[in-house]
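In: Whatever this is, show me its structure:
(one chain, ligands or ions: 3)
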Amino acid sequence: MPVLVMKFGGTSVADLDRIKNAAEKVRREVERGYDVIVIVSAMSGKTNELVGWVTQTSHLYDAREYDAVVSSGENVTAGLMALTLQEMDVPARSWQGWQVPLKTSAVHAAARIEEIPRDNLDAKFAEGMKVAVVAGFQGIAPDGRITTLGRGGSDTTAVAFAAAFDAERCDIYTDVDGVYTTDPRIEDKARKLDKIAFEEMLELASLGAKVLQTRSVELAMRYKVRLRVLSSFEETGDNSGTLVCDEEEIMESNVVSGVAYVRDEAKMTLISVADRPGIAAAIFGPLAEAGVNVDMIIQNISEEGRTDMTFSCPVDQVARAEAAVNAAKEAGEINFHGLVADTDVAKVSVVGIGMRSHAGVASKMFKALSNEGINIKVITTSEIKVSVLIERKYMELAVQALHDAFELEKA
Ligand code: ADP
Ligand code: ASP
Ligand code: MG
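Out: Ligands and ions are numbered 1, 2, ... in the order given. From the prediction side, this is the model:
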């Protein structure tokens, strides 16, 4: 039997009626002749509530227990989805990650999938099970402890199952009807894309578009999974939603295909560090060890052997970053005159593979921002994107201005 993977996100399983609505979609695919692997998220808001309970209980929590707690939301929806399908006379059962088993690395809260053996599910499909409902976001480490895959991780669970079971497609059902030129919640002129190239989707996801977890796009690209994003609240057919596919499958595309943002960034500057070989390693080594996800880095022009070093990281990692550089200073590994944290910044990026062959994207971006009176604090570029840090209160305005400037509402 051909296999189809269907993933339902938090809002798609937010209550019993929505679970029933999702189960109807699953039943339809079973009737079309598929063996279906359904991946479910926790009910919307549940994971945030569980994370809150953990941090209220323990400030410097044990990450293994964090995973034990936050993975539980998915267990509930997996069981409820299996029951709902059984009520519709569809042979279904639920699977928690460890039961499959979905084997991961031991990096708690950010584990990577290592292997999904097929035997257990295949045996049940051979016995007549039509639907395996798998709890997303979770797995089991080599030492037997429960792990989670990072926020948004059910997308990655879905793509990994699609790859392991040679699924015909991996359908990601969510609360929007596809991938848009930017977040439709911020820009109502955002346009749905029928197709988007893996590389562009990868860049958009890693620059903040949370419609797909970055790792899920990486896996789909590597294993050539046909990945589709579509709405759980609309009637859907073979051509619904957005197909994430190879560049060659896309006939025409704009130079810039999308705008992404990260709301909660911070910019930190170490004032007057010694400008000598090894200084960057001495600063960013301890930050990496402390688990700080450093994004942009700029070293300013040096004067008299000293320089300012600026970097950005997520705002909730500022305390950890400060502790790490202060510890390195106390240990005599680095020396600086001051540490300034600007916790009021957001990152806005434009993405497009057309940038490889078209000049002028960066200057057009800067002009559009300056027309709105928005000051740029930091700039980074790569082959297919330009990102800027700006004051957070201008974030929505910047996204809208860039969407207009690059005429993204037009195909
Ligand atoms: P789920 O719970 O189904 O996993 P998410 O909330 O993780 O859903 O992702 C869907 C959300 O992603 C949308 O509601 C939308 O606000 C946001 N989003 C951000 N950027 C984009 C984009 N470019 N296209 C579509 N949705 C986007
Ligand atoms: N429930 C998890 C989260 O909120 C995983 C997911 O929904 O993809 O991050
Ligand atoms: Mg998600």
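In: which residue is nearest the middle of this structure?
Out: Gln213 (2.6 Å; C-alpha atoms, centre = their mean).
In: and that residue, what does it touch?
Out: When contacts are counted by C-beta atoms under 8 Å, 6 or more residues apart in numbering, Gln213 touches Leu149, Gly150, Arg151, Gly152, Gly153, Ser154, Asp155, Thr156, Ala205. Where C-beta positions appear, they are placed from N, C-alpha and C, glycine not excepted.
In: and with 10 Å instead?
Out: 137, 149-159, 172, 205-206, 219 (C-beta atoms under 10 Å, 6 or more residues apart in numbering).
In: Tell me the buried residues within the residues you listed.
Out: 137, 149, 152-159, 172, 205-206, 219 (16 or more other C-beta atoms under 10 Å).
In: quick revisit: what's the residue nearest to the centre of the chain sitting at in phi/psi?
Out: Here is the backbone geometry of Gln213 (degrees, to the nearest 10): phi -70, psi 140.
In: if we can go back for a sec, tell me which of the contacts of Gln213 fall in helices.
Out: Members of the contacts of Gln213 lying in helices (criterion: DSSP state H): Ser154, Asp155, Thr156, Thr157, Ala158, Val159, Ala205, Ser206, Leu219.
In: filter the residues you listed down to the ones close to ligand 2.
Out: Ser154, Asp155 (C-beta under 6 Å from any ligand atom).
In: Looking at the ones in helices among the contacts of Gln213, which is nearest Glu330?
Out: Distance to Glu330 across the ones in helices among the contacts of Gln213 (C-beta to C-beta) is lowest for Ser206, with 34.0 Å.
In: Strands along the stretch 1-150 of the chain, start to end?
Out: Secondary structure of the stretch 1-150 of the chain by DSSP state E, counting those that start in this stretch: the strands cover 3-8, 35-40, 92-95, 103-104, 113-115, 131-135, 138-140, 146-148.
In: residues in contact with Tyr66?
Out: If you count contacts by C-beta under 10 Å, 6+ apart, Tyr66 has them with Leu50, Val51, Val54, Thr55, Thr57, Ser58, His108, Ala109, Ile146, Thr148.
In: try Phe8
Out: By C-beta under 10 Å, 6+ apart, the residues touching Phe8 are 18-19, 21-23, 25-26, 38-41, 77, 81, 133, 136, 154, 158, 171-174, 232.
In: quick one: it from Arg93, how far?
Out: As judged by C-beta to C-beta, to the nearest Å, Phe8 and Arg93 stand 17 Å apart.
In: Mind listing what's buried along the lengthiest strand in the chain?
Out: Across the chain, the longest stretch assigned as strand under DSSP state E is strand 258-274. Going by neighbour count (16+ other C-beta under 10 Å), the buried part of strand 258-274 is 258-262, 265-270, 272-273.
In: State the distance from the residue nearest to Ala327 when sequence neighbours are not counted to Gly338.
Out: Spatially, and ignoring its direct neighbours in sequence, Ala327 is nearest to Pro286 (6.7 Å; C-beta to C-beta, 6 or more residues apart in numbering). Separation of Pro286 from Gly338 (C-beta to C-beta): 18 Å.
In: which of those two has more neighbours?
Out: Using other C-beta atoms under 10 Å as the criterion, Pro286 and Gly338 rank with Pro286 on top: 21 against 9.
In: thought that one was touching Glu330?
Out: No - counting by C-beta atoms under 10 Å, Pro286 does not reach Glu330; the two are 11.1 Å apart.
In: Quick check on the contacts of Tyr66: which are buried?
Out: Using 16+ other C-beta under 10 Å, the buried ones in these are Leu50, Val51, Val54, His108, Ala109, Ile146, Thr148.
In: from what I can see the fourth one touches Val54, true?
Out: By that I understand His108. No - the pair His108 / Val54 is not scored as a contact, 11.7 Å apart, by C-beta under 10 Å.
In: shared neighbours of these two, anything?
Out: Residues touching both His108 and Val54 by C-beta under 10 Å, 6+ apart: Asp62, Ala63, Glu65, Tyr66, Asp67, Ala68.
In: give the contact list for whatever residue of the chain ends up closest to ligand 1.
Out: In the chain, the residue that lies nearest ligand 1 is Gly9 (1.8 Å; C-beta to the nearest ligand atom). Gly9 makes contacts with 22, 39-42, 44, 136, 152, 154-155, 158, 172-176, 211, 232, as judged by C-beta under 10 Å, 6+ apart.
In: swap in Gly153?
Out: Going by C-beta under 10 Å, 6+ apart, Gly153 touches 41, 47, 71, 74, 109-111, 113, 136-139, 147, 213, 215-216.
In: likewise Thr77?
Out: Residues near Thr77 by C-beta under 10 Å, 6+ apart: 8, 10, 12-14, 19, 22, 38, 40-43, 46, 94, 133, 135-136, 154.
In: Just give the closest residue to Gly338, not the sequence neighbours.
Out: Ile271 (4.1 Å).
In: Surely that neighbour and Asp308 touch.
Out: Yes - assessed by C-beta under 10 Å, Ile271 is found in contact with Asp308 at 5.4 Å.
In: Need the residues touching each of the two.
Out: Asn300, Phe336, His337, Gly338, Val340.
In: Just want the residue of this structure that's nearest ligand 3.
Out: Nearest residue of the chain to ligand 3: Gly152, at 4.2 Å (C-beta to the ion).
In: What sits closest to that residue if chain neighbours are left out?
Out: Spatially, and ignoring its direct neighbours in sequence, Gly152 is nearest to Gln213 (3.7 Å; C-beta to C-beta, 6+ apart).
In: With Ala162 instead?
Out: Nearest to Ala162 is Cys170, by C-beta to C-beta, 6+ apart, at 3.7 Å.
In: Tell me the spacing between whatever residue of the stretch 151-300 of the chain ends up closest to ligand 2 and Thr174.
Out: Closest contact between the stretch 151-300 of the chain and ligand 2, by C-beta to the nearest ligand atom, is at Ser154 (3.2 Å). Per C-beta to C-beta, Ser154 is found 10 Å from Thr174.
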